[in-house]
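Engineer: When you get a sec, could you give me coordinates for this:
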Amino acid sequence: MNTFFCSDYSRQAGEDIIGSATNYQTYILVECPPPWTSEAFNSKWVPENLRILIEEVKRAKLPIRFLLIANDLSHKVNQTTLLIYQKKEGLSNGYHKQEFILQNIEQVAAVVQKWLWGIGSNSEVETTATRDILVCTHGSHDKCCARYGNPFYFHATATISNLDLDNVRIWRSSHFGGHRFAPTLIDMPEGRYYGAVDGDSFTSILTRTGDIQCLQKVYRGWGILPAALQILERELILSQGWDWFNYKVAGKVLEQSLDNNTILAELSFEKTSGSLYTYQAKLVKDITKTQKLKSSCNAAQETVISKYTVASLWLTSTKVMSYSA
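Structural biologist: Now for the predicted structure:
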């Protein structure tokens with residue numbers, strides 16, 4: 001009997017999980033009660049019109065990630081929540097949320113189609129400043145997400161209730177990558193990814209308190225940044241502390257060597273005071289952290305997973321922004 005669990009293997013190997021957040025312009029989250037099949041959108045409650053639309057979006061290569069979500073009430077309510085998260089341009093702190101309450105899941109495709117055409121919908125509701133935390137519990141896609149995602153979902157629900165956080169919603173989610181980091185989650189509207197999360201680190205993520213060094217182990221990166229910049233961002237978080245989560249950020253890769261061994265990256269951030277800082281960093285491929293791993297429970301063979309390290313980091317400019325009334 002195969003008792004291989006990719007997340008156990010990744011932890012035993014001491015894999016550094018930073019740089020594993022996926023970068024999408026848009027997330028479209030559709031409430032749909034489980035069970036979900038391995039390919040989530042083939043599940044029995046997903047209507048044909050939505051499947052067709054997702055195929056069209058894929059063919060057009062639009063940078064959109066569709067996910068199914070559910071909570072403990074999804075079976076019982078006579079409505080379907082649709083959340084569309086769109087990446088903000090320029091210096092940004094994540095994604096802009098639009099929320100729609102629909103009578104049923106059959107209506108989702110028409111609303112999304114209109115949204116793609118830039119047409120509003122009267123089913124859009126005023127949104128409050130909630131955080132939507134997605135926990136992957138998609139066990140039919142990878143058994144680690146059942147083994148670690150499900151218990152974590154229950155634990156997280158209890159934690160949010162105990163901390164009395166009425167502005168946080170927790171959702172089960174279909175697969176969004178990185179099951180070898182189970183339990184893995186996305187914190188919206190920021191779009192930050194976490195993995196191998198436990199009770200203490202989850203409380204720190206929710207409350208932005210406690211030892212910031214816990215992010216060394218559980219932070220997968222910020223989905224608005226390319227992978228190399230996710231590594232640089234973690235370095236800056238560890239030096240700036242929890243205040244970092246209030247800053248707006250933009251970053252880009254300036255140069256990459258032909259052999260991909262070195263990357264020159266730049267990251268700018270604006271503090272709440274309005275001061276703007278720009279850092280550059282040289283990232284180098286780290287032989288000591290590069291490993292051969294099975295990236296999922298069902299993987300037939302191991303994959304070489306390259307990792308980078310910040311070799312040097314320097315401040316290139318500081319500006320004090322003056323806002324005129």
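
Engineer: could you pull out the helices for the stretch 1-150 of the chain?
Structural biologist: For the stretch 1-150 of the chain, the helices defined by DSSP state H, counting those that start in this stretch cover 6-12, 48-59, 108-116, 143-144, 150-162.

Engineer: so what strands line up beside the helix or strand Leu264 falls within?
Structural biologist: Leu264 belongs to strand 262-270 when assigned by DSSP states H and E. Strand pairing for strand 262-270, using DSSP bridges, gives strand 248-256 (antiparallel), strand 275-285 (antiparallel).

Engineer: list the contacts for the residue lying closest to Gly241 once chain neighbours are set aside?
Structural biologist: Closest residue to Gly241 in three dimensions, ignoring its sequence neighbours and counting by CB to CB, 6 or more residues apart in numbering: Ile212, at 5.5 Å. Yep, even glycine has a C-beta here, placed from its N, CA and C like the rest. Taking CB atoms under 8 Å, 6 or more residues apart in numbering, we find Ile212 in contact with 204, 237-238, 241-242.

Engineer: if you set the cut-off to 10 Å instead, what comes out?
Structural biologist: Taking CB atoms under 10 Å, 6 or more residues apart in numbering, we find Ile212 in contact with 204, 219, 237-244.

Engineer: how close does the residue lying closest to Leu254 once chain neighbours are set aside sit to Asp243?
Structural biologist: Spatially, and ignoring its direct neighbours in sequence, Leu254 is nearest to Leu264 (4.5 Å; CB to CB, 6+ apart). Leu264 sits at a distance of 26 Å from Asp243 (criterion: CB to CB, to the nearest Å).

Engineer: now swap in Val108 and tell me
Structural biologist: Taking CB to CB, one finds Val108 at 38 Å from Asp243.

Engineer: more crowded one of those two?
Structural biologist: Val108 (24 against 12; other CB atoms under 10 Å).

Engineer: so the more buried one sits right up against Glu31, yeah?
Structural biologist: Yes. With contact defined as CB atoms under 10 Å, Val108 reaches Glu31; the gap is 8.8 Å.

Engineer: Okay, Leu165 and Thr207: tell me how far apart.
Structural biologist: Counting by CB to CB, the gap from Leu165 to Thr207 is 8 Å.
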